[in-house]
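Visitor: quick one, what's the 3D model for this:
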Amino acid sequence: MIDFTSAYGMRVAQRLNDEIIIWLTTVRDDGAPLPSPVWFLWDGEAVLIYSKPNTPKLRNIARSQLVTLNFDGDGQGGNIIVLNGTAQIDPAVPPANRDAAYLAKYEAGIAGIGMTPESFAAGYSVAIRVTPTSVRGH
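Guide: Residues are numbered from 1 along each chain as shown. Sure thing, here's the model as predicted:
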């Protein structure tokens, strides 16, 4: 369990709530890590990521649910946050265009890539839920 009440834990929680991009790292079948920058939504317990179907990250998660999430540092070697966790494909999650919190966070970004919420939901139709199990950094 992650202690979000410590000074570091509060910084982790703030970044989970405020950041736009997080790096999801899965492991390929040859053992090499595969980092992917993704949009995400933190619900207080898990990170929700929408993915295009048939991507390497989905194949990797099907093989091993162990993943990491990390944020960019501050450019000076500080504000490092790496979350270890387990990922699962969650077909019960509503599509992105029906997730009010996700749209509140990313509607402008969706428009910025030339999509509507409906076309984004159709293209990024697979929901990944990552449950953090531990955190490290400084």
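
Visitor: with only the CA atoms kept, save the helix or strand Trp23 falls within in CSV.
Guide: Using DSSP states H and E, Trp23 maps to strand 21-27. Only the C-alpha atoms of strand 21-27 are listed here, as CSV (Å, rounded to 0.1, in the frame of the first residue of the first chain):
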residue,chain,number,x,y,z
ILE,A,21,1.4,12.4,-19.3
ILE,A,22,2.6,9.3,-17.5
TRP,A,23,5.0,6.7,-18.8
LEU,A,24,3.6,3.1,-18.8
THR,A,25,6.4,0.5,-19.1
THR,A,26,5.6,-3.1,-20.0
VAL,A,27,8.0,-5.9,-20.9
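
Visitor: OK, contacts around the residue positioned nearest the centre of the chain?
Guide: Geometric centre of the chain, nearest residue: Phe40, 4.3 Å, by C-alpha atoms, centre = their mean. The contact partners of Phe40, by C-beta atoms under 8 Å, 6 or more residues apart in numbering, come to 21-22, 24, 47-49, 69. In short, each C-beta sits where N, CA and C put it, glycine included.

Visitor: at 10 Å instead, please
Guide: The contact partners of Phe40, by C-beta atoms under 10 Å, 6 or more residues apart in numbering, come to 16, 19-24, 46-50, 69, 102, 105-106, 128, 130.

Visitor: can you pull out the strands in the protein?
Guide: 21-27, 33-39, 41-42, 47-51, 66-70, 81-89, 126-137 (DSSP state E).
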